[in-house]
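1. need coordinates for the below:
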Amino acid sequence: MPTLIEAPAVIEAAGSKPKRIEEYAGRVRTRHDGVSVARMAAPPGWVEPGQRPEFEEITVVLSGSLRVEHESGVIDVNAGQAVVTRPGEWVRYSTPGPEGAEYIAVCLPAFSPNTVHRDP
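-> Next up is the predicted model:
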């Protein structure tokens, strides 16, 4: 039988400004460890610490623009675009634009603070 997720779990975010994380499926809301699905709302000027996660992350930008720094350069992902980062790649997410960004992040396996490996 299908399971209705009536509301997401709101999770505290890392970064320079408050970012809202609403997890619909994952370790916190549904106890899934194979995948997590979350909606993010990041304000303008938000910067997250660099990280080298053990999971693949598929990010779909719904509005605004998300910057993804990586070891070889920078990718700006705009509304209607997506980016895939692979396990073991160093990345840092930010929203340098004036409108911030709203986006969906899907992590395989599910996001975990123990497997994100943020920079000190």
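
2. only C-alpha atoms from now on, for both contacts and neighbour counts.
-> Noted.

3. point to the residue nearest the middle of the chain.
-> Nearest to the geometric centre of the chain sits residue 105, at 4.6 Å (CA atoms, centre = their mean).

4. parallel or antiparallel, list what pairs with the host helix or strand of that one.
-> Using DSSP states H and E, the element containing residue 105 is strand 101-108. Its sheet considered, strand 101-108 pairs with strand 36-42 (antiparallel), strand 56-70 (antiparallel) by DSSP bridges.

5. circling back: apart from its neighbours in sequence, what residue is nearest the residue nearest to the centre of the chain?
-> Ranked by CA to CA, 6 or more residues apart in numbering and with sequence neighbours excluded, the top spatial neighbour of residue 105 is residue 59, at 4.5 Å.

6. okay, now the one you found: neighbour count?
-> 22 (other CA atoms under 10 Å).

7. the one 5 residues further on too?
-> Using other CA under 10 Å, residue 64 has 22 other residues around it.

8. ok, it to residue 110 distance?
-> Distance of residue 64 to residue 110, computed by CA to CA, to the nearest Å: 25 Å.

9. residue 116 now?
-> 10 Å.

10. neighbour-wise, which of the two wins?
-> residue 110 (22 against 16).

11. where does that one land in three-state SS?
-> Under DSSP: H, G, I helix; E, B strand; the rest coil, residue 110 falls in the coil class.

12. that one against residue 35, yeah?
-> Yes - using CA atoms under 8 Å, residue 110 is in contact with residue 35, at 4.0 Å.

13. this protein: strands as residue ranges?
-> 9-11, 20-25, 36-42, 46-47, 56-70, 73-78, 82-85, 91-95, 101-108 (DSSP state E).

14. ok so, going back, which neighbours do residue 110 and residue 35 share?
-> Counting by CA atoms under 8 Å, 6 or more residues apart in numbering, the contacts common to residue 110 and residue 35 are residue 26.
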